[in-house]
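[1] Generate coordinates for the sequence data below:
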Amino acid sequence: MDERGTALSSLVGIHDLIDTAHMTRSTVARSGFTVLTYLATLVIFFAYCYPISRFTRWLEKRAVNS
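    The predicted structure follows:
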């Protein structure tokens, strides 16, 4: 991941998302639920960052072509 991806993840607040997953994991002591929690975290993070990343690439290409 390049610097833009790193900045994007810090903007989204990956630490807050992971902390919430940790709190959920410690509240419910079942391994299946822990896996589900982290998978849900992964899906939420990807669904939020991927479109932003694609849009940023499109804007960069558009700026270069103009």
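[2] Any regions of the chain where pLDDT drops low?
    Across the chain, the ranges flagged by pLDDT under 70 are 1-12.
[3] How are the helices of it distributed by residue range?
    In the chain, the segments counted as helices under DSSP state H are 3-12, 14-27, 31-65.
[4] Give me the distance between residue 59 and residue 23.
    According to CB to CB, to the nearest Å, residue 59 and residue 23 sit 36 Å apart. C-betas here are computed from N, CA, C, even on glycine.
[5] ignore the last one, residue 34
    Taken as CB to CB, the span from residue 34 to residue 23 is 12 Å.
[6] before we move on, what about residue 31?
    Look at residue 31 and residue 23: by CB to CB, they are 16 Å apart.
[7] Pull the number of nearby residues for residue 52.
    By other CB atoms under 10 Å, 14 other residues sit near residue 52.
[8] Ignore what I typed, I meant residue 37.
    Other residues lying near residue 37 total 19 when counted by other CB under 10 Å.
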